[in-house]
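>>> Generate coordinates for the sequence data below:
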Amino acid sequence: MDYLNKLQSNTPIQNAIQLIKQLPVSHRLTDMYKRSTKNELMLVGAATFITLYNLSAYIKAQRQKLHLPPTVPFSLPLFGHTLYLMAMPNKFLDWCNQKYGEIYNLDVNGKTVTVTNGKSAEEAMKADQDDLSLEHDLLHLDYVFDADIMDIGIRVNPVVAKFAIPNAKMPQYVPGIQRGLENAVDELLKQDINHIQEPSLFFQNFVAYMSVPSLVGDEFGLNKEVIQSFAGFTGDVIKNVALFMIVPKFLHKLILPYVQSAKKHQDVMAKHIAPVIIQRREKMRLAEEAGEAHGMEENFLQGLVEYTDTDENGNPVHFNEIELAHAVLMVAFASVHTTSMNLSFSLYWLLARPDLMARLLQEIEEVCPGSAPITHAELGQMKFLNNFMREVLRQGSDCLANGKKAMHDYTFANGYQVPKGRIVESSLRQLNFGNNVIRSEVDDMDPDMSLNKISTTPARDFVSFGMGKHLCPGRFFAVQEIQMSLVYLLKNFEIKTANGKRPEPITHIAGTIVTNCEEPLVFIAKK
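All right, here's what the predicted structure looks like:
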């Protein structure tokens, strides 16, 4: 019976036992306790502790006198609603939406999360950063960067993006993207037959090669350290997300030394980017003294260099070269992560649907035959490519996404409230398609349903780039990169899966989060 004494010394189980002793049937429960095996007692103790923990959270929420959303029943012991989401995410979420409306609570991974759809989801996506924050509790970029760099990423980068890479300037970026494409192929697809065993890593590096010349300058176009950090930083951040979701917040500081670190990438940026910033500013100073235009090439980095901020006294100030070098990593994450994922989705959709591949190859042959690089005007003529791209973006949306943390007690327009600290998820697939099961099978993917709507123009049924003031300012650049990549790769390579089988274009983590297909690929150079 020594193990009973050890169990009784465990505080959570001891508290559960004391509660049981106060019940009228305590003597019966005590007898059952003494007859139970070690494993049975551990299971009962754990279940009791979790029940009391959730009960205390419920009581606390009730004491706040908030008008809380309804909680979906049928939550399983220990697992909550997680198993439903893993086993049948589309049907389960559609049932919840129909039964409980635009906002409700689910128990997921040991936490209560608020799920929104319809108008409530639109409201959550448009909410101000001070109300519902994406940077906190999901990506945890605040663990990677200090407050000053976070401020540049959240406040300054979107402003610079709107100036540096708007739709009107896309024609001038075509040559730079083309150079990046050719650099990527020369480095990553050197052989006549190229076997790609790790597709995600391949696409991240491919997009990094393609993006670096246009976003930070041609002087970095072949700088492998910078390019690898552009690609690697994205992977390192994403690898940590699942761990931070599982581990309780109060333990995060303990595990931070053991997770993927950004310091090596920050050192690379300080080594290579910072000196170029100093050189550019010196050239700008000399040009200003001579009364001449500095003649610097317009790109994202140059926009950051020229950005003028104000201090607490209203005086103009500029960020120093180290701050800007580190802030470039946030540009890297934004540009490489989503672009590489959607380029991957696009190619796997074409491999899974030979009919779509045939239509795109036919359009390429009609609009831009031969080996000459595609022009911006020719991209505008490719209606099927546009429709296909829009449908890929819609299909690539998470069932539950944009997990935002309530920075204070938040009230929705319909009167429902969520307490401070609550994670609010948006049902993106429901917004894109009306419900989650529509066109959820591979054979249901239909580009013609986009009806020639521009693949960068948001709509209430197309929220893949966000909504409102949080609409992705880099969407024009990202879509142009993906479209140019598809045309270039299909012109120059025959692409197939290594096993010759039909791939699943999109896979899911825990049923709700989309991720890349990892089926190995073969790129065969066309003669």
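
>>> right, and Pro166 touches Arg475 too?
No. If you go by CB atoms under 8 Å, Pro166 and Arg475 don't touch, sitting 10.3 Å apart. No exception for glycine: its C-beta is placed from N, CA and C like everyone else's.

>>> Which one of the two is surrounded by more residues?
Counted by other CB atoms under 10 Å, Pro166 and Arg475 do not tie: Arg475 has more neighbours, with 21 against 13.

>>> Would you mind measuring from the more buried one to Ser450?
Separation of Arg475 from Ser450 (CB to CB, to the nearest Å) stands at 15 Å.

>>> Also Leu521?
26 Å.

>>> The stretch 301-450 of the chain: strands as residue ranges?
Here the stretch 301-450 of the chain has its strands, by DSSP state E, counting those that start in this stretch, at 309-310, 316-317, 401-406, 410-411, 417-418, 423-426.

>>> and of those strands, who's closest to Leu76?
strand 423-426 (19.1 Å; CB to CB).

>>> Could you list the paired strands of that closest one along with their orientation?
strand 111-116 (parallel), strand 401-406 (antiparallel) (DSSP bridges).

>>> Of Leu521 and Ser450, which one has the most company?
Comparing Leu521 with Ser450 by other CB under 10 Å, the one with more neighbours is Leu521, at 24 against 21.

>>> per-residue confidence for Asp311?
Note for Asp311: predicted pLDDT of 83.

>>> again, but for Lys453
92.

>>> Now do the contacts for it.
Counting by CB atoms under 8 Å, 6 or more residues apart in numbering, Lys453 touches Asn387, Arg390, Ala459, Phe462.

>>> Between the residues you listed, which sits nearest Phe345?
Arg390 (12.3 Å).

>>> residues contacting that closest one?
Pro447, Ser450, Lys453, Ile454, Ser455, Phe462.

>>> how about 10 Å then?
447, 449-457, 459, 462, 464, 479 (CB atoms under 10 Å, 6 or more residues apart in numbering).

>>> neighbours of Thr441, just the number please.
Check again: residue 441 is Glu, not Thr. Neighbours of Glu441 (other CB under 10 Å): 8.

>>> Do a quick rundown of the strands in the chain.
In the chain, the strands defined using DSSP state E lie at 103-108, 111-116, 132-133, 193-196, 309-310, 316-317, 401-406, 410-411, 417-418, 423-426, 493-497, 506-509, 513-516, 521-525.

>>> In CSV, list those along with distance to Glu323.
As requested, these are exported to CSV (distance: least, CB to CB, whole Å):
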stretch, distance to Glu323
strand 103-108, 37
strand 111-116, 35
strand 132-133, 22
strand 193-196, 37
strand 309-310, 10
strand 316-317, 11
strand 401-406, 25
strand 410-411, 32
strand 417-418, 34
strand 423-426, 30
strand 493-497, 41
strand 506-509, 34
strand 513-516, 32
strand 521-525, 39
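
>>> Lys469 is nearest to which of these?
strand 132-133 (12.7 Å).

>>> What lies in contact with that closest one?
123-127, 142, 154, 402-408, 410, 418, 422-424, 426.

>>> where's it relative to the chain centroid, distance-wise?
Relative to the chain's own centre, strand 132-133 is displaced by 15 Å; criterion: CA atoms, centre = their mean, to the nearest Å.

>>> now swap in stretch 225-233 and tell me
18 Å.

>>> Tell me the buried residues in that stretch?
Val226, Ile227, Gln228, Ser229, Phe230, Ala231, Gly232, Phe233 (16 or more other CB atoms under 10 Å).

>>> what do you get for stretch 71-81?
For stretch 71-81, using 16+ other CB under 10 Å, the buried residues are Val72, Ser75, Gly80, His81.

>>> Also stretch 159-179?
Going by neighbour count (16+ other CB under 10 Å), the buried part of stretch 159-179 is Val160, Ala161, Ala164, Ile165, Met170, Tyr173, Val174, Gly176, Ile177, Gln178, Arg179.

>>> Endpoints of that stretch, how far apart?
26 Å (CA to CA, to the nearest Å).

>>> Break this structure down into its structural domains.
1-63, 141-525 (automatic domain parsing).

>>> By residue count, what's the longest helix in this structure?
helix 321-352 (DSSP state H).

>>> Give me the angle between that helix and strand 521-525.
Interaxial angle, helix 321-352 versus strand 521-525 (axes from the mean of the first three to the mean of the last three CA atoms, to 10 degrees): 90 degrees.

>>> just how off-centre is helix 321-352 within its chain?
10 Å.

>>> what is the mean pLDDT for it?
92.

>>> surely Lys469 meets Lys126?
Yes. Lys469 lies in contact with Lys126 (CB atoms under 10 Å); the separation is 7.0 Å.

>>> thinking again about what came up before, hey, which of the strands paired with strand 423-426 is tucked in deepest?
Counting by mean count of other CB atoms under 10 Å, strand 111-116 has the highest mean neighbour count of these, with a mean of 24.

>>> Stretch 504-517: which residues count as buried?
Pro505, Ile506, Ala510, Gly511, Thr512, Ile513, Val514, Thr515, Asn516, Cys517.

>>> which one of these is nearest Val336?
Asn516 (12.7 Å).

>>> bridging residues for the closest one?
Ile506.

>>> list the contacts for His195?
Per CB under 10 Å, 6+ apart, neighbours of His195: Ala498, Pro520, Leu521, Val522, Phe523.

>>> Over to Thr82?
Ser75, Leu76, Leu106, Asp107, Val108, Asn109, Gly110, Lys111, Ala510, Gly511, Thr512.

>>> Please apply the same query to Ser229.
208, 212, 223, 236, 262, 264-269, 271-273, 328-329, 332.

>>> Pull out the buried residues from those residues.
Listed as buried from those are 208, 212, 223, 236, 262, 265-266, 268-269, 272-273, 328-329, 332; burial here means 16+ other CB under 10 Å.
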